[in-house]
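Trainee: Sequence and predicted structure, then a few things I'm wondering about:
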2 protein chains.
Amino acid sequence: MTLDELDPVIHAQSRLRVMAVLAALDDGDRLTFTRLQQLLGMTAGNLSTHLRKLEDAQYVVVEKTFAGRSPVTHVALSGRGRRAFGTYTESLEALLRGKP
Amino acid sequence: MTLDELDPVIHAQSRLRVMAVLAALDDGDRLTFTRLQQLLGMTAGNLSTHLRKLEDAQYVVVEKTFAGRSPVTHVALSGRGRRAFGTYTESLEALLRGKP
């Protein structure tokens, strides 16, 4: 019997929160790093670390720009990230119904 | 802002599978260790390790008995385990809807 492993890049609790918040946005929408940090109650360092892992998996796109002279970082789910999150939640829901 | 942390005893993928399978049983029902192992496709050693963690948290009850002369181990969710799993799935569902 083969079990669908839940994607460990997504399953880690902090990254799951990041992915879920981004997945709840309309397609193409993004959040600033600061806003994401507020929503999740995470330190900048901790959020950066998890975003880097998600970026390495190409699940999120992180863009650094400027608003006037202030640097602003935007974070969005990629198409690949949205699909991976969909697969993850489907597997998770099956698992939670006791179908390993 | 305070976030409800997902219970780390339950969130670890292998233990989540164990809890979900046991939670899908009717109240009071139990599985043999062997059957659980088959359902989850886990090695005996790996399953034992995770069951010990769940036992330490008093989420499962592990009972060793005999069927004739053969030792049989039964595993069931405790009342506490059922409540913890309910809290976990509620928090998880809120989180998946993008409500951190």
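Mentor: Sure thing, it's come through.
Trainee: any weak-confidence spans in chain A?
Mentor: Along chain A, segments meeting pLDDT under 70 span A:1-3, A:100.
Trainee: Next to chain B in this structure, residues from it, please.
Mentor: Neighbours of chain B within chain A, by CB under 8 Å from any CB of the partner chain: A:1-3, A:5-6, A:8, A:11, A:13, A:16-17, A:20-21, A:23-25, A:38-41, A:89, A:92, A:95-98, A:100. Quick note: C-beta positions are derived from backbone N, CA and C, even for glycine.
Trainee: OK, contacts around residue A:50?
Mentor: Going by CB atoms under 8 Å, 6 or more residues apart in numbering or on different chains, residue A:50 touches A:12, A:14-15, A:18, A:42.
Trainee: 7 Å - rerun?
Mentor: Residues near residue A:50 by CB atoms under 7 Å, 6 or more residues apart in numbering or on different chains: A:14-15, A:18.
Trainee: Which of these fall within helices?
Mentor: Among the contacts of residue A:50, the members falling in helices (DSSP state H) are A:14-15, A:18.
Trainee: Could you rank the contacts of residue A:50 by neighbour count and give me the top one?
Mentor: residue A:18 (28 neighbours; other CB atoms under 10 Å in any protein chain shown).
Trainee: Hmm, residue A:54 and that residue touching each other?
Mentor: Yes. Here residue A:18 reaches residue A:54: they are 6.5 Å apart, a contact under CB atoms under 7 Å.
Trainee: tell me which element residue A:55 falls in.
Mentor: Using DSSP states H and E, residue A:55 falls within helix A:44-56.
Trainee: Now do that helix: distance to the chain's middle.
Mentor: Helix A:44-56 sits 9 Å away from the centroid of its parent chain (CA atoms, centre = their mean, to the nearest Å).
Trainee: residues in contact with the most centrally placed residue in chain A?
Mentor: Taking CA atoms, centre = their mean, the centroid of chain A lies closest to residue A:19, which sits 2.5 Å from it. The contact partners of residue A:19, by CB under 7 Å, 6+ apart, come to A:10, A:59, A:81, A:85.
Trainee: Would you tell me which helix is longest in chain A?
Mentor: The residue-count maximum for a helix in chain A (DSSP H) belongs to helix A:79-96.
Trainee: who touches that helix?
Mentor: By CB under 7 Å, 6+ apart, helix A:79-96 touches A:4, A:6-7, A:10, A:19, A:23, A:58-60, B:16-17, B:20, B:89, B:96.
Trainee: give me that answer again for 6 Å
Mentor: Identification of contacts with helix A:79-96 by CB atoms under 6 Å, 6 or more residues apart in numbering or on different chains yields A:4, A:6-7, A:10, A:19, A:23, A:58-60, B:20.
Trainee: Could you dump the residues you listed into TSV with secondary structure and distance to residue B:68 added?
Mentor: Output for the contacts of helix A:79-96, formatted as TSV (DSSP: H, G, I helix; E, B strand; the rest coil; distance: CB to CB, whole Å):
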residue	secondary structure	distance to residue B:68
A:4	coil	37
A:6	coil	39
A:7	coil	44
A:10	helix	46
A:19	helix	51
A:23	helix	53
A:58	coil	56
A:59	coil	53
A:60	strand	57
B:20	helix	31
